[in-house]
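Asks: Pasting the sequence and the predicted model now:
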Amino acid sequence: MKRSQYNEREIIARIAKGDESAFAVFFRHHYQKIYEVGLMLTQTESVAEELVQDVFMKVWKQQAQLPEILDIEAWLFIIARNDAYKALRRSTRLKVILDTYEWPQPVSNETDEQIIYRNYHELVNKAVGQLPARQQTAWRLSREEGLKREEIAARMQIRPDTVKEHLSLAIKNIRNFLESHDAFLIGAELIFISSLHSLN
C-alpha cells in the first residue's frame, strides 16, 4: 500500500472499534520500521522479531486509546525503544556503558524522545547513503515510497525474492556502517540509554 493511499487516522479509528483487517494494514505499514529499530538497537534478528510482536501486541491491547495519540509513529518508536532497552540492559555492553558513562545534563528544549528519534533518522540516512545502488534503490522504494515487495520488484524489474535479498543486505550493511562508526553508534546508544536511566 502506497503512503498516499494510507490514511492513518481512518485506520486507527477502525482499529479502535476492533477491526482486525485494519490492524493487519497498520501492522504491514509499520512493521519494517519497528523491526529496523529493534535490530539496530539490539543487533539481534531474533530479538528484533520478538520486539515487533510485543510492540504490536501492546498496540492491539491499547486499541481504544489509539485515537487519542497524536503522533503514532513516535509513540511506536518509544514503545520499541523501551522494549529494546529491556533487552539491552541484560547485555554486558550496556552494563559497562552504564557503569562508566558520565550522564550529561539537558542542553536543549527537545524532549528525550525527539532527540532519540532525530538521532536515529540522521544515522540511518548517513548509512543509506553508503549502500550499493541496487540496495539503496530497494530501500528507498520500501521506506520512502511505502511500496510492497512485489511493487518494488516491478519497478526495478527484478524478482520479489531478489528484492527481499536487497532489503536484507541493506539492513545488514546499515548496521555494519553504524558499528564501524562508533562515535555515531555509541552517541545514539548513550542518548537512548540516558533518556531511560531514571527507570533503573
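Replies: Looks like it came in fine.
Asks: The longest helix seen in the chain packs against which elements?
Replies: Of all the segments assigned as helix in the chain under DSSP state H, the longest by residue count is helix 20-42. Using 3 or more CB pairs under 8 Å, 6 or more residues apart in numbering; DSSP states H and E as the contact criterion, the secondary-structure elements in contact with helix 20-42 are helix 8-16, helix 45-61, helix 72-88, helix 112-128, helix 133-143, helix 160-180. Yep, even glycine has a C-beta here, placed from its N, CA and C like the rest.
Asks: Mind putting the ones you listed into a markdown table with mean neighbour count and mean pLDDT?
Replies: A markdown table is the format used below for these (neighbours: other CB atoms under 10 Å; pLDDT from 0 to 100):
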| stretch | mean neighbour count | mean pLDDT |
| --- | --- | --- |
| helix 8-16 | 17 | 92 |
| helix 45-61 | 16 | 86 |
| helix 72-88 | 19 | 83 |
| helix 112-128 | 16 | 67 |
| helix 133-143 | 18 | 89 |
| helix 160-180 | 17 | 80 |
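Asks: Could I get those helices in TSV, plus columns for distance to residue 29?
Replies: As requested, the helices and strands packed on helix 20-42 are arranged in TSV below (distance: least, CB to CB, whole Å):
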stretch	distance to residue 29
helix 8-16	8
helix 45-61	11
helix 72-88	10
helix 112-128	17
helix 133-143	12
helix 160-180	16
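Asks: Tell me which of those lies nearest to residue 150.
Replies: helix 160-180 (5.4 Å; CB to CB).
Asks: angle of that closest one against helix 20-42?
Replies: Relative orientation of helix 160-180 with respect to helix 20-42: 40 degrees, computed using axes from the mean of the first three to the mean of the last three CA atoms, to 10 degrees.
Asks: Hey, what's the angle from helix 160-180 to helix 45-61? Just curious.
Replies: Orientation check (the same axes, to 10 degrees): helix 160-180 against helix 45-61 gives 100 degrees.
Asks: measure residue 60 to residue 22 for me?
Replies: When distances are taken as CB to CB, to the nearest Å, residue 60 and residue 22 turn out to be 11 Å apart.
Asks: shared neighbours of the two, anything?
Replies: With CB atoms under 8 Å, 6 or more residues apart in numbering applied, the overlap between the contact sets of residue 60 and residue 22 consists of residue 15.
Asks: one step back: buried stuff in the longest helix of the chain?
Replies: Along helix 20-42, these residues count as buried under the neighbour rule (16 or more other CB atoms under 10 Å): 22-23, 25-27, 29-30, 32-42.
Asks: For residue 154, which of the helices and strands packed on helix 20-42 is the nearest?
Replies: With CB to CB, the closest approach to residue 154 among these belongs to helix 160-180: 9.1 Å.
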